[in-house]
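# show me the folded form of this:
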Amino acid sequence: MPHTKKNSMLCPNCRKLISADELACPYCGLSRPNLRRIINFFSASSEERGSLNVVRAIIYTNISFYVLSILLSSSAVGLSANPLTFLSPGGKSLFLLGATGTIPIAEFNRWWTLVSASFLHGGILHIFFNMAALGQLGPFVLREYGFYRFVIIYIATGIVGFFISYLANIPFTIGASGSICGLIGAILYYGKSRGGLYGHAIYKQAMGWVVGLVIFGLLVAGINNWAHGGGIISGALLGFLMGYREKSGETIIHQMFAMGCILLTVVILIWTVIAAIYYHFLLSPLS
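Model (predicted):
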C-alpha cells in the first residue's frame, strides 16, 4: 500500500503518519524514526518473522495443493490453448481434495470443504493471480491487525464466503479469492476508520480492488461473486469487531480463536490429503 507522499512514512513505534525527514516523531518522541525503521527491517523480532512466515506458509500450501491436484488428475489435466483453463486439474481430483458447493455439501455431507476449498485452484492463472494478491495484501493486514487477527480474518472469511455461495446454490467452487476478499474488506474498514490522508489513501486503493473484482466478475464466466461479496463484507465486519493495532492490542481471545482456526485448518487439510491419496490409489475411481 503506497504512502500519500514519497517523503512520508509510518512511525515504527506509534504507527502515525509522519515525514521521513523528522529527527523525532512529533507524536511519540521516537528518535530518528526513519533510521529505526531501517534497523527494524534488518533485525525483525521473532514475532514479526513469524507473522511474515504465515503469508509464505499459506502461499506454499496453496501451491502444494495445486500440484497435488494436477498429479491426481493424471490424463484429465487441462492443456487447452485457453489461458484461463490451461493446466487445470480434473473435477475428480478437486472433489477428492475438498472442493465445496451444493454438490459436495448437500449430496455428500462434506461440510469441512468450506475450509479446504480455499486452498484449491482451477488453473495456473487462477493460482498465480490469487497468490500475487495475497502476497501484496497479506503483509499489510498482518502489520496493521497483527498475526492472530490476520489468521482469523483470512480463514473465517473464506468459510463465510463459501457458505454464502452454498446458500446461493453454487454447485462446485474453489479458490482463495474469498479469503483474499476478506483481507480487502478488513483493509476497507481500516482505511475508513483510521481516516486522515493515509487512511483515505488506503481506503481508496482498497475500493479500487473492489471495483476491479466487480468488473472481472461480471465479464468472466464462472467467477464466484457470492464468495467474493461474502468475503469482503465479513472481512470488514471482523475488522470492526476486533479492531486494529492503532486502536487496541491483540488479546487472549484473539489468540485462542486464531489457534483454533489454525488447528482446524491443519487437521482438515491433512485429512483431505490422506483421504484423497487413499481413494485415488487404493479404491475404485468415482463413477
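# CA only for contacts and neighbour counts going forward, please
Noted.
# which is the next helix or strand following the lowest-mean-pLDDT helix or strand in the chain?
When the helices and strands of the chain are scored by mean pLDDT, DSSP states H and E, helix 33-42 comes last with a mean of 52. Later in the chain than helix 33-42, the nearest helix or strand by DSSP states H and E is helix 46-73.
# would you mind listing the buried residues in that following helix?
By neighbour count with 16 or more other C-alpha atoms under 10 Å, helix 46-73 contains the buried residues 48, 51-52, 54-56, 58-59, 62-63, 65-70, 72-73.
# and for H280, the neighbour number?
H280: 17 surrounding residues under other C-alpha atoms under 10 Å.
# wait, what's in contact with it?
L72 (C-alpha atoms under 8 Å, 6 or more residues apart in numbering).
# then Y66?
Y66 touches 89, 119-121, 127, counting by C-alpha under 8 Å, 6+ apart.
# among these, which are in helices?
I127 (DSSP state H).
# walk me through the domains of the chain.
11-43, 46-282 (automatic domain parsing).
# most packed of those domains?
When the domains of the chain are scored by mean count of other C-alpha atoms under 10 Å, the highest mean neighbour count falls to domain 46-282 (a mean of 19).
# over to G146: give its phi and psi.
phi 100, psi 160 (degrees, to the nearest 10).
# ok, it touching T251?
No. The pair G146 and T251 does not pass the contact test of C-alpha atoms under 8 Å, sitting 10.5 Å apart.
# in the chain, which spans are helices?
33-42, 46-73, 91-96, 102, 113-116, 124-145, 147-167, 177-194, 196-219, 225-242, 252-282.
# mind putting these into JSON lines with distance to S19?
Shown next, in JSON lines, are the helices of the chain (distance: least, C-alpha to C-alpha, whole Å):
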{"stretch": "helix 33-42", "distance to S19": "9"}
{"stretch": "helix 46-73", "distance to S19": "24"}
{"stretch": "helix 91-96", "distance to S19": "50"}
{"stretch": "helix 102", "distance to S19": "53"}
{"stretch": "helix 113-116", "distance to S19": "43"}
{"stretch": "helix 124-145", "distance to S19": "19"}
{"stretch": "helix 147-167", "distance to S19": "27"}
{"stretch": "helix 177-194", "distance to S19": "18"}
{"stretch": "helix 196-219", "distance to S19": "12"}
{"stretch": "helix 225-242", "distance to S19": "27"}
{"stretch": "helix 252-282", "distance to S19": "33"}
